[in-house]
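Novice: Next input, structure requested:
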Amino acid sequence: MARPRHDDWPLITEFTYRCDYFQRWILAGVLVAVTLAFGGLYLSALGALVLLPFYGALRHLRCPACNAATTLKGVTDGYTCRSCGQRLRL
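Specialist: Numbering: from 1, shown residues only. Sure thing, here's the model as predicted:
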């Protein structure tokens, strides 16, 4: 795979930040689900465990270049955006 060009780095950095925010939504979903489960609200815990990461993916996992939304296959094929072809990962 070819090295990223100089003008690709700001978008790679932005997408990396967005992935970090998404990981925080996953952590929040797990923590809220555990707290609700200890409180006896099992159905709400299951909903929080599923819906908080889903909302985080819809909100943060977007291509910085074309703002393409997350699909079931993801935003990237591993390195580039599926919609516009912009390089998003090393």
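
Novice: Helices along this protein, start to end?
Specialist: Using DSSP state H, the helices of the chain run over residues 9-38, 42-60.

Novice: Of those helices, which is nearest residue 82?
Specialist: In terms of Cβ to Cβ, the element of the helices of the chain nearest to residue 82 is helix 9-38, at 13.0 Å. (C-beta placed from N, C-alpha, C; glycine too.)

Novice: between that closest one and helix 42-60, what angle do the directions make?
Specialist: 170 degrees (axes from the mean of the first three to the mean of the last three Cα atoms, to 10 degrees).

Novice: quick check: mean pLDDT across helix 9-38?
Specialist: For helix 9-38, mean pLDDT rounds to 91.

Novice: What is it packed up against?
Specialist: Packed against helix 9-38 by the contact rule (3 or more Cβ pairs under 8 Å, 6 or more residues apart in numbering; DSSP states H and E) you find helix 42-60.

Novice: Summarise which helices and strands the helix it packs on is packed against.
Specialist: Counting by 3+ Cβ pairs under 8 Å, 6+ apart, helix 42-60 packs on helix 9-38.
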